[in-house]
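# what follows is a protein structure lacking sequence information:
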Ligand code: SF4
């Protein structure tokens with residue numbers, strides 16, 4: 001019997017040794033208490049303004065480099081045009097994250113957010129990973145506090161969970177050296193939460209990290225959540241294997257992926273939602289994950305550039321109708337939510 005109150009990594013990593021269905025049942029019981037049979041999704045649009053990046057993460061297939069030699073920078077007009085058409089199709093969240101483009105001025109970011117907010121006042125802007133905040137801090141010598149305040153003032157409502165990757169420093173050194181440190185990722189979210197704002201947290205898994213590194217990562221999120229309470233969702237992101245410079249030969253099986261999602265639900269009980277992000281898992285596995293602790297599948301997305309660059313089948317997003325019908329077919333109740341998990345409509 002594993003004592004879940006013993007937060008020692010060597011103790012909790014034994015959860016991986018449990019039978020998949022035993023683990024699944026433990027996670028599912030927690031999920032049912034919190035969310036019954038609901039599966040949350042939202043109407044969102046991903047906007048990735050540029051793939052030109054000053055940083056070099058070995059796992060990244062999105063940024064422009066020799067395996068992906070197609071640098072782009074969207075103009076403000078292109079961004080607004082995409083935003084307008086998505087808004088007209090019903091999107092009420094814009095998820096705006098970019099590579100760390102050294103050509104952009106500090107003001108460029110805030111001008112985009114402000115313009116979007118002025119034009120679409122009921123849009124929720126989820127923007128700027130902690131890695132982007134750290135990039136602005138390094139490039140323009142601004143404090144985290146000032147950058148986060150400028151985000152708030154220009155209309156950013158919440159922060160996405162990207163850039164967390166794996167917190168364990170030796171692995172971080174190997175996969176994304178130079179990018180925001182684990183300590184600063186956590187610090188940035190902690191400051192954002194102290195401003196009364198919400199964010200998400202991710203974990204990139206399935207590359208060169210071990211099971212213990214995943215447990216360490218989950219415990220760090222749990223620890224900060226105990227203090228700040230600002231995380232809405234934890235999102236285990238499955239590493240996409242194509243077009244990058246990380247030499248990975250050993251990929252997790254479907255069983256290990258489901259166990260990782262279940263263990264997230266069991267360890268991070270203080271974060272209300274576990275998202276099985278269909279863009280990295282594929283829709284089928286994301287739906288099966290709902291039996292293993294997850295209660296969210298993300299949203300329509302419309303255009304996905306980051307995971308699809310690494311081989312995921314997510315380039316074009318999914319329609320609302322398709323999401324609803326697939327969630328129903330999986331035996332769950334689809335619930336349209338807003339970006340901070342207020343329920344808008346059940347189907
Ligand atoms: S993961 Fe982000 S920061 Fe790293 S290379 Fe890719 S775009 Fe740049």
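On my side now, so go ahead. What you see is a predicted model; the values in this text were computed from it and never measured.
# so for stretch 219-238, what gets flagged as buried?
Neighbour counts over stretch 219-238 (16 or more other C-beta atoms under 10 Å) mark 219-222, 224-225, 228, 230-238 as buried. C-beta: built from backbone N, CA, C; applies to glycine.
# of those, list those near the ligand.
Among the buried residues of stretch 219-238, not one lies near the ligand by C-beta under 6 Å from any ligand atom.
# looking at those residues, which is nearest residue 55?
Nearest to residue 55 among these is residue 237, at 17.6 Å by C-beta to C-beta.
# so the closest one touches residue 203, yeah?
Yes: judged on C-beta atoms under 8 Å, residue 237 makes contact with residue 203 at a distance of 6.7 Å.
# re earlier: and the furthest pair within the buried residues of stretch 219-238?
Between any two of the buried residues of stretch 219-238 (C-beta to C-beta), the greatest distance is 26.6 Å, for 228 and 238.
# strands along the stretch 101-250 of the chain, start to end?
With DSSP state E, counting those that start in this stretch, the ranges of strands along the stretch 101-250 of the chain come out as 124-127, 158-159, 198-205, 231-238.
# with distance to residue 114 added, can I get the ones you listed in JSON lines?
Formatted as JSON lines, those follow (distance: least, C-beta to C-beta, whole Å):
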{"stretch": "strand 124-127", "distance to residue 114": "10"}
{"stretch": "strand 158-159", "distance to residue 114": "16"}
{"stretch": "strand 198-205", "distance to residue 114": "20"}
{"stretch": "strand 231-238", "distance to residue 114": "24"}
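# could you export those as CSV, including mean pLDDT?
As requested, these are arranged in CSV below (pLDDT from 0 to 100):
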stretch, mean pLDDT
strand 124-127, 97
strand 158-159, 98
strand 198-205, 98
strand 231-238, 97
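# which of these sits closest to residue 3?
With distances scored as C-beta to C-beta, the stretch of those nearest to residue 3 is strand 231-238 (21.7 Å).
# pull up the pairing partners for the closest one, direction included.
The pairing partners recorded for strand 231-238 under DSSP bridges are strand 198-205 (parallel), strand 273-274 (parallel).
# identify whichever of the ones you listed lies nearest to residue 30.
Shortest distance between residue 30 and the strands paired with strand 231-238, using C-beta to C-beta, is found for strand 273-274: 9.2 Å.
# what sits up against that closest one?
The contact list for strand 273-274 (C-beta atoms under 8 Å, 6 or more residues apart in numbering) reads 31, 35, 40, 232-236, 261, 264-265, 268, 293-296, 341.
# quick one: which of the residues you listed sit in strands?
The strands, defined by DSSP state E, take in 40, 232-236, 296 from the contacts of strand 273-274.
# so which of the residues you listed comes closest to the ligand?
Taking C-beta to the nearest ligand atom as the measure, the ligand lies nearest residue 235 of the ones in strands among the contacts of strand 273-274, at 15.2 Å.
# now do the helices in the chain.
Under the criterion DSSP state H, the chain contains helices at 9-12, 20-35, 76-88, 106-119, 130-140, 144-153, 169-176, 182-194, 211-228, 254-267, 278-281, 283-288, 306-309, 320-329.
# what is the fifth one packed up against?
What that stands for is helix 130-140. The contact analysis (3 or more C-beta pairs under 8 Å, 6 or more residues apart in numbering; DSSP states H and E) places helix 130-140 against helix 106-119, helix 144-153, helix 182-194.
# okay if I get these as a markdown table plus distance to residue 160, mean neighbour count and mean pLDDT?
Output for the helices and strands packed on helix 130-140, formatted as a markdown table (distance: least, C-beta to C-beta, whole Å; neighbours: other C-beta atoms under 10 Å; pLDDT from 0 to 100):
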| stretch | distance to residue 160 | mean neighbour count | mean pLDDT |
| --- | --- | --- | --- |
| helix 106-119 | 13 | 17 | 96 |
| helix 144-153 | 12 | 17 | 98 |
| helix 182-194 | 11 | 20 | 98 |
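# distance to residue 47 added to those helices, as TSV?
Output for the helices and strands packed on helix 130-140, formatted as TSV (distance: least, C-beta to C-beta, whole Å):
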stretch	distance to residue 47
helix 106-119	9
helix 144-153	15
helix 182-194	20
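# to the ligand, which of these lies closest?
helix 182-194 (12.1 Å).
# does the ligand sit close to the closest one?
No: judged by C-beta under 6 Å from any ligand atom, helix 182-194 stays clear of the ligand, getting no closer than 12.1 Å.
# just want the angle from that helix to helix 144-153.
Going by axes from the mean of the first three to the mean of the last three C-alpha atoms, to 10 degrees, helix 182-194 is angled at 50 degrees with respect to helix 144-153.
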